[in-house]
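Asker: Got a predicted model here, sequence first, then my questions.
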Amino acid sequence: MTATPTYKVDVRRLQDFSAIELHDMLKLRVDVFVVEQKCPYPEIDGNDPHCLHLRLLYGSDLLACARLWRPTPADRPRIGRVAVSPHHRGKRLGEAVMREAILECQNAYPDMVIEISAQSHLQKFYGSLGFTPISDEYLEDDIPHVDMLRSPQ
């Protein structure tokens with residue numbers, strides 16, 4: 001396994017990205033979720049303007065990203081659209097981006113539970129980060145998922 005590169009964490013609103021930065025983030029998500037996972041679905045779903053976007057960068061190279069939902073009266077803080085660049089796999093960046101996303105949520109909403117919709121085959125990975133399943137398995141875009149929660153620390 002290759003060592004985790006030194007990365008910079010960048011968190012901002014959608015409107016604060018340059019056109020190139022936005023292109024790179026959306027391209028990574030489409031490359032992973034639509035192309036690699038062979039799952040045609042509306043990746044650009046209209047929710048990005050309402051979320052924060054966390055990126056791990058090495059220089060200008062995008063290593064990984066995640067979408068962070070702010071809580072509403074009806075919903076908990078939520079982490080989603082977690083993607084690691086195929087060019088940087090095997091460096092524990094999935095764990096790194098999730099730890100940074102959890103930290104961001106904890107700092108912003110210290111007493112709130114964090115929710116994710118996890119692909120079922122990743123339950124053990126998310127479990128190692130403190131998430132526990134709260135739903136039966138269900139299909140989302142023809143991929144088995146399970147809802148999981150992480151209690152405040």
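Answerer: It's in. Numbering: from 1, shown residues only.
Asker: got the contact list for the helix or strand bottoming out on mean pLDDT in the chain?
Answerer: The weakest-scoring helix or strand in the chain, judged by mean pLDDT, DSSP states H and E, is strand 138-140 (a mean of 93). For strand 138-140, the surrounding residues in contact (C-beta atoms under 8 Å, 6 or more residues apart in numbering) are 117, 144-146. C-beta coordinates here come from the backbone N, C-alpha and C atoms, glycine included.
Asker: next structured bit after the helix or strand hosting E115?
Answerer: Using DSSP states H and E, E115 maps to strand 114-119. Counting by DSSP H and E, the next helix or strand C-terminal to strand 114-119 is helix 123-127.
Asker: Can you tell me which helices and strands the strand holding E115 packs against?
Answerer: When contacts are defined as 3 or more C-beta pairs under 8 Å, 6 or more residues apart in numbering; DSSP states H and E, strand 114-119 sits against strand 78-84, helix 93-108, strand 143-150.
Asker: So which of those is nearest L54?
Answerer: Ranking these by distance to L54, with C-beta to C-beta as the measure, places helix 93-108 first at 5.4 Å.
Asker: Show me the shaky parts of the protein.
Answerer: Scanning the chain with the threshold set as pLDDT under 70 gives 1-5.
Asker: who touches the residue positioned nearest the centre of it in this structure?
Answerer: Relative to the mean C-alpha position of the chain, the nearest C-alpha, by C-alpha atoms, centre = their mean, is the one of V82, at 2.5 Å. Taking C-beta under 8 Å, 6+ apart, we find V82 in contact with 64-67, 94, 97-98, 101.
Asker: how does it look with 10 Å?
Answerer: V82 makes contact with 29, 32-33, 54, 64-67, 94, 97-98, 101, 116, 118-119, 122, 126 under the criterion C-beta atoms under 10 Å, 6 or more residues apart in numbering.
Asker: follow-up on the earlier one: could you export the helices and strands packed on strand 114-119 to CSV, including columns for distance to K8?
Answerer: Output for the helices and strands packed on strand 114-119, formatted as CSV (distance: least, C-beta to C-beta, whole Å):
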stretch, distance to K8
strand 78-84, 16
helix 93-108, 10
strand 143-150, 24
